[in-house]
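Novice: Quick one: sequence plus predicted model below, questions after.
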Amino acid sequence: MTGFALGQQLQQGATTSTCFAQSYQTKTFLDDISDQLYTIGTNLYNLDFSTFQTDLATLSLNFNNLLIQYNDQSIGCQTQNKIVQFATRTQTVSGFSNWVFTIFYGTFYNMIQAIPTYGAYLPQIAAQPMYESVMYIYGQIYGFYTSGYATKMNCQQIGYYAGQWVAESLSTYVETTVAMVQIQGM
């Protein structure tokens with residue numbers, strides 16, 4: 001969750017931002033809730049009902065507080081702006097076509113570059129952060145799977161790269177090299 005917040009800001013070290021602080025606070029509430037659920041489950045398993053009502057009341061209060069934390073996190077991370085960007089990208093023809101191009105170019109362009117038959121005909125453009133994000137997440141999951149689940153995945157980094165991919169796909173920034181290639185018809 002905190003890694004995703006950093007990725008949305010496109011700044012891996014921005015741990016003093018409001019978005020990161022609110023994400024960390026929300027994560028702390030989620031950790032507390034998971035601890036409480038474990039405690040309630042353990043008590044039920046041991047048939048210890050002495051604190052059951054108190055535990056449920058505390059759990060209910062923490063769920064309510066979690067909703068407040070999610071709201072504060074959405075304000076701190078400016079989620080409303082991303083929702084508006086997403087709406088523009090999906091509800092208008094120009095926005096949708098630009099969004100499809102952004103995702104295709106940013107994610108799959110370098111994959112196509114790697115194919116010798118097709119890559120030779122494409123202009124050489126710098127590596128895209130979206131492609132790097134997808135490849136990092138793929139590498140983490142592939143390493144975890146092929147090691148027989150012995151390799152520990154770096155969830156903070158996976159969250160960062162997922163957030164970066166979302167931020168890059170919703171942004172309206174177009175790299176100047178790409179724009180020139182489109183204008184010149186290469």
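Specialist: In hand now; what should we look at?
Novice: Low-confidence stretches in the protein?
Specialist: 109-127, 171-186 (pLDDT under 70).
Novice: Okay, domains of it per the record?
Specialist: Following the assignment in automatic domain parsing, the chain carries domains at 2-77, 93-184.
Novice: Distance check, residue 81 against residue 62.
Specialist: Applying Cβ to Cβ, to the nearest Å, the value for residue 81 to residue 62 is 29 Å. In this view, the C-beta of every residue, glycine as well, is placed from N, C-alpha and C.
Novice: From residue 78, how far off is residue 8?
Specialist: Separation of residue 8 from residue 78 (Cβ to Cβ): 9 Å.
Novice: where do the contact lists of these two overlap?
Specialist: Common contacts of residue 8 and residue 78 (Cβ atoms under 8 Å, 6 or more residues apart in numbering): residue 19.
Novice: Look at those two and report which has more neighbours.
Specialist: residue 8 (26 against 14; other Cβ atoms under 10 Å).
Novice: thinking the more buried one is in contact with residue 76, fair?
Specialist: No. Using Cβ atoms under 8 Å as the test, residue 8 is too far from residue 76 to be in contact (10.6 Å).
Novice: Next, show the common contact partners of those two.
Specialist: Contact criterion Cβ under 8 Å, 6+ apart; residues shared by residue 8 and residue 76: residue 19.
Novice: distance of the residue nearest to residue 157 when sequence neighbours are not counted from residue 69?
Specialist: The shortest distance from residue 157 to any non-neighbouring residue, by Cβ to Cβ, 6 or more residues apart in numbering, is to residue 3 (6.2 Å). Noted for residue 3: a distance of 17 Å to residue 69, by Cβ to Cβ.
Novice: who's more crowded, those two?
Specialist: residue 3 (22 against 19).
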